[in-house]
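Engineer: quick one: sequence and predicted model below, then my questions.
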Amino acid sequence: VQRTIDWVDGSVVIIDQCALPGIYRTLRLDTVDELIDAIARLAVRGAPALGAAGALGVVLAARAGGAVSEEAARVAKARPTAVNLSWGVARALAKLPEGVDAVLAEALEMLRLLTHCNAGRLATVGWGTALGVLWHLRAGGFVDSVLVDETRPLLQGARLTAWELAEAGIPYRVLPDNAAAAAMSRGLVDCVLVGADRIAANGDVANKIGTYGLAIAARHHGIPFVVVAPQSTVDYSLPDGGSIVIEERSPVEVTHLAGVAIAPPGADAFNPAFDVTPASLVTALITETGPHPA
Ligand code: MRU
């Protein structure tokens, strides 16, 4: 099984998530600049995958020689909200005094860790945490079908999650994001399951934009709202979600769809990539070591 992100013959190799679902291909990344570009374009994305990308970015920088700390800092800043990226960079960088091989060993160790808890294709390090739970529930006969929010503006749900579910043979339907509350009101949803990009010490959760609205709707309808994430996504330096930096992306992602303008010329847009769901709306927050806060 192809890993979402891997280290092959001295290069970082990723599944190009910008090309899915139309084209399945891998990209080789040989420089820090190529890696940063891939992270910024979301060719590699999702919090756990970004942790591995950060660590492998340090490997690329260390092998190139030069100002490794500065290069590592550039990688860590490529996206601000998912804490795993800077966590992965810091973890690999801490090994630099022991040499390049130690940095690589640390990065490879992280790949194994991530794979272990999230087996399967993009799910390995994509929405692997939340969908990992789903695979288990499905195997136990607890899941008939899945409603997949399309996830505007970049359609990670329609393009990537649907692709993963199709591969796994799990029945699913894609719905517009603005149909989610209606689906809940009609009794079509038993549980909302999401991942996370950064979790504050008190359990506030930053995740893909729209998550907060889902949590509000789920609470209104008495539906469990469950977050699944690795411990590395918990940022204990933040007491609550108020200080989580929210990435704002280009207006073009909202005003255009697949390169075609869907708004008048010159239209501006509000395009935050993430929102923060308060802990009070989270029914359960599950990590590999148990619930959080414990
Ligand atoms: O902007 P993206 O596609 O990187 O956002 C990803 C998400 O919000 C995921 O839900 C999150 O990283 C959890 S992945 C287990």
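Structural biologist: That came in fine, so what should we check first? Keep in mind that what you see is a predicted model, and the values were worked out from it rather than measured.

Engineer: show me what residue of the stretch 101-250 of the chain gets nearest to the ligand.
Structural biologist: Gly195 (2.6 Å; Cβ to the nearest ligand atom). C-beta here means a position set from N, CA and C on the backbone, and glycine is covered the same way.

Engineer: that residue: what's it in contact with?
Structural biologist: Going by Cβ atoms under 8 Å, 6 or more residues apart in numbering, Gly195 touches Gly46, Ala47, Trp127, Gly128, Thr129, Ala130, Asn207, Lys208, Val227, Val228, Ala229.

Engineer: for the residue nearest to Ala229 when sequence neighbours are not counted, give me phi and psi.
Structural biologist: Spatially, and ignoring its direct neighbours in sequence, Ala229 is nearest to Ala196 (4.0 Å; Cβ to Cβ, 6 or more residues apart in numbering). When read as degrees, to the nearest 10, the backbone of Ala196 gives phi -160, psi 150.

Engineer: then Asp6?
Structural biologist: Dihedral angles for Asp6 - degrees, to the nearest 10 - are phi -150, psi 170.

Engineer: which pLDDT value goes with the residue nearest to Ala229?
Structural biologist: Among the per-residue scores, Ala196 shows a pLDDT of 91.

Engineer: OK, contacts around it?
Structural biologist: Ala47, Thr129, Val205, Ala206, Asn207, Val227, Val228, Ala229, Thr233, Leu285.

Engineer: quick one: secondary structure of the fifth one?
Structural biologist: Spelled out, it's Asn207. Under DSSP: H, G, I helix; E, B strand; the rest coil, the three-state class of Asn207 is strand.

Engineer: contacting residues for it?
Structural biologist: Val194, Gly195, Ala196, Asp197, Val227, Phe274, Asp275, Thr277.

Engineer: which residue, other than its chain neighbours, is closest to it?
Structural biologist: Counting by Cβ to Cβ, 6+ apart, the nearest residue to Asn207 once its immediate chain neighbours are dropped is Ala196, at 4.9 Å.

Engineer: now the end-to-end length of stretch 62-79.
Structural biologist: Terminal residues of stretch 62-79 are spaced 21 Å apart (Cα to Cα, to the nearest Å).

Engineer: with stretch 285-293 instead?
Structural biologist: Stretch 285-293 has its terminal residues 8 Å apart, counting by Cα to Cα.

Engineer: which residues does that stretch contact?
Structural biologist: Residues from elsewhere that reach stretch 285-293 (Cβ under 8 Å, 6+ apart): 117, 133, 196, 199, 201-203, 205, 226-231, 233-234, 279, 284.

Engineer: among these, name the buried ones.
Structural biologist: Buried subset of those (neighbour count, 16 or more other Cβ atoms under 10 Å): 117, 133, 196, 199, 201, 203, 205, 226-230, 233-234, 279.

Engineer: the ligand contacts on the stretch 101-250 of the chain?
Structural biologist: Trp127, Gly128, Thr129, Ala130, Gln156, Gly195, Ala196, Asp197, Asn207, Lys208 (Cβ under 6 Å from any ligand atom).

Engineer: where exactly do the helices run in the stretch 101-250 of the chain?
Structural biologist: Secondary structure of the stretch 101-250 of the chain (DSSP state H, counting those that start in this stretch): helices located at 128-139, 156, 162-168, 180-185, 211-221.

Engineer: nearest to Arg249, of those?
Structural biologist: For those, proximity to Arg249 was assessed by Cβ to Cβ; helix 156 is nearest, at 12.7 Å.

Engineer: just the helices of the stretch 101-250 of the chain: most buried one?
Structural biologist: Stretch with highest mean neighbour count among these: helix 156 (a mean of 23; mean count of other Cβ atoms under 10 Å).

Engineer: flag whichever of the contacts of Gly195 scores worst on pLDDT.
Structural biologist: Ranked by pLDDT, these bottom out at Trp127, which scores 47.

Engineer: roughly how far apart are the residue most central in space within the chain and Thr31?
Structural biologist: Centroid check for the chain by Cα atoms, centre = their mean gives Gly46 as the closest residue, at 1.7 Å. Look at Gly46 and Thr31: by Cβ to Cβ, to the nearest Å, they are 22 Å apart.
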